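*Asks:* with the input below, show me the fold.
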Amino acid sequence: MPFWSVSLSNQRLYVPSFDRWVAAQLFKLGVMGKKEKDFLKKEIQPGQTLIDVGANVGLVSALATELVGQNGTVLAIEPDAQLVSLMRQSFGERVTLIEAAVGAEMTKADYFRNHMNRGDSGLVKQGLASETMLVDVLTLDHIWEQSLGSKPVHWIKMDIQGYEVFALKGAKKLLTSSRPSLIVEVWPWGFKKAGTSTSELFALLQSHSYKLTAELYDGKELPDPEVLDRTWNSQLQYFNLVARPI
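*Replies:* Below you'll find the predicted structure:
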C-alpha cells in the first residue's frame, strides 16, 4: 500500500510522493484549484460523463465521481503507469482508466517523468525530467469510440503540460458529434516548448464552433492570444480556459 494518502470527496486517494500529497491537501483545502472546484460543482450534473485528460493522481476525477453520481461516468486518461495503478486502488471500478497519452495520431512517444514535481511530467520535456519512458499515444476519438461506445460526453478537462493542441487535433469526431464543454489549461510557455501556441489553440476551438469564455480567468475578458504568446514567458503564467459549444 502506498505511503501517502488523502481523504478527498468521500474516498481515499493514494499518491506516490510527498509533492503529490501536498498538492492533494491544497486541493482539498481550497488553497489550490478553488475556482475550478467551485465551477465544476456548479456545472457538472448527476448522470453526466466527464473525461479527465491528464488525470495525474485523480484529483478532478475524485470530485467528478461524486458529482456525476452512480448513473454518471468518469473516464481518466494518464500515461504514467504508476499513477494509473494508484488510481486503480483509489477508485476501483468507479472510474474507467486509460493508461496512455493523447495526441493527434495513434503512435508511441517518450514520456518525461519529473520526480521533483510529478505534476510537471508529460510528452514535452520541460528541463527537469529525471526519467524517460516510452508510452502509447491514443487519439481522443479512438478512446471515445472504444472505451465509451461513442456515448455523449458532457465535459472534458484537459491539463497535459503544453500538449493540448495535439490532443484536440485528435478529437475531431468527439468535438463535432458529442459537443462537450471543455476546461483546457492555457500555458503559453509550455505551448512554445511543444511547438504550438495559444493562438493555435484558440483558433482550433473556434473552428469547431466553440465559444471561449473567461469564466476561470481573473480578468473580465480573455486576453488576445497573440499577446499571451508574446508576453507570457514564465513557466508560472497559466490559466484554465472554458470552451462551450455554440
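*Asks:* please make it C-alpha for all contacts and neighbour counts, starting now.
*Replies:* Noted.
*Asks:* can you pull the pLDDT of the closest residue to Ala62 other than its chain neighbours?
*Replies:* In space, and not counting its chain neighbours, Ala62 is closest to Ser9: 6.1 Å by C-alpha to C-alpha, 6 or more residues apart in numbering. Listed pLDDT for Ser9 reads 80.
*Asks:* so what's the residue count around Ser9?
*Replies:* Residues near Ser9, counting by other C-alpha atoms under 10 Å, number 17.
*Asks:* list the contacts for it?
*Replies:* Residues near Ser9 by C-alpha atoms under 8 Å, 6 or more residues apart in numbering: Ala62, Leu63, Glu66.
*Asks:* show me the shaky parts of this structure.
*Replies:* 1-3, 115-119, 127-129 (pLDDT under 70).
*Asks:* and the helices in it?
*Replies:* All helices of the chain, identified by DSSP state H, fall at 18-29, 34-43, 59-68, 81-91, 140-148, 164-169, 172-177, 188-194, 198-207, 225-231.
*Asks:* nearest residue to the middle of this protein?
*Replies:* Met158 (2.8 Å; C-alpha atoms, centre = their mean).
*Asks:* residues in contact with it?
*Replies:* Met158 makes contact with Asp52, Val53, Gly54, Glu164, Leu182, Ile183, Val184, Glu185 under the criterion C-alpha under 8 Å, 6+ apart.
*Asks:* quick check: beta-bridge partners of it?
*Replies:* Beta-bridge partners for Met158, by DSSP bridges, are Val53, Val184.
*Asks:* one step back: Ala171: which of the contacts of Met158 is nearest?
*Replies:* The nearest member of the contacts of Met158 to Ala171, counting by C-alpha to C-alpha, is Glu164 at 10.8 Å.
*Asks:* right, and that closest one touches Val184 too?
*Replies:* Yes: the pair Glu164 and Val184 qualifies as a contact (C-alpha atoms under 8 Å) at a distance of 7.4 Å.
*Asks:* which of those two has more neighbours?
*Replies:* Between Glu164 and Val184, Glu164 has the larger neighbour count (other C-alpha under 10 Å), namely 27 against 21.
*Asks:* contacts only, for that one.
*Replies:* Met158, Val184, Glu185, Leu201.
*Asks:* measure it to Trp144 for me?
*Replies:* 17 Å (C-alpha to C-alpha, to the nearest Å).
*Asks:* before we move on, the earlier item: which one of the contacts of Ser9 sits closest to Gly122?
*Replies:* Nearest member of those to Gly122, counting by C-alpha to C-alpha, is Ala62, at 21.1 Å.
*Asks:* does that closest one touch Leu8 like I think?
*Replies:* Yes: contact criterion C-alpha under 8 Å: Ala62 and Leu8 qualify, at 7.0 Å.
*Asks:* quick one: which of the two has more around it?
*Replies:* Ala62 (23 against 17).
*Asks:* for the more buried one, give its distance to Leu50.
*Replies:* 11 Å.
*Asks:* now do Glu105
*Replies:* Separation of Glu105 from Leu50 (C-alpha to C-alpha): 22 Å.
*Asks:* likewise for Pro16?
*Replies:* As judged by C-alpha to C-alpha, Pro16 and Leu50 stand 24 Å apart.
*Asks:* which residue of those two possesses the greater neighbour count?
*Replies:* The neighbour comparison of Pro16 against Leu50 (other C-alpha under 10 Å) goes to Leu50, with 26 against 17.
*Asks:* show me the contacts for that one.
*Replies:* By C-alpha under 8 Å, 6+ apart, the contact set of Leu50 is Ala64, Thr73, Val74, Leu75, Val153, His154, Trp155, Ile156, Lys157.
*Asks:* can you flag which of these belong to strands?
*Replies:* Among those, the ones falling in strands (DSSP state E) are Thr73, Val74, Leu75, Trp155, Ile156, Lys157.
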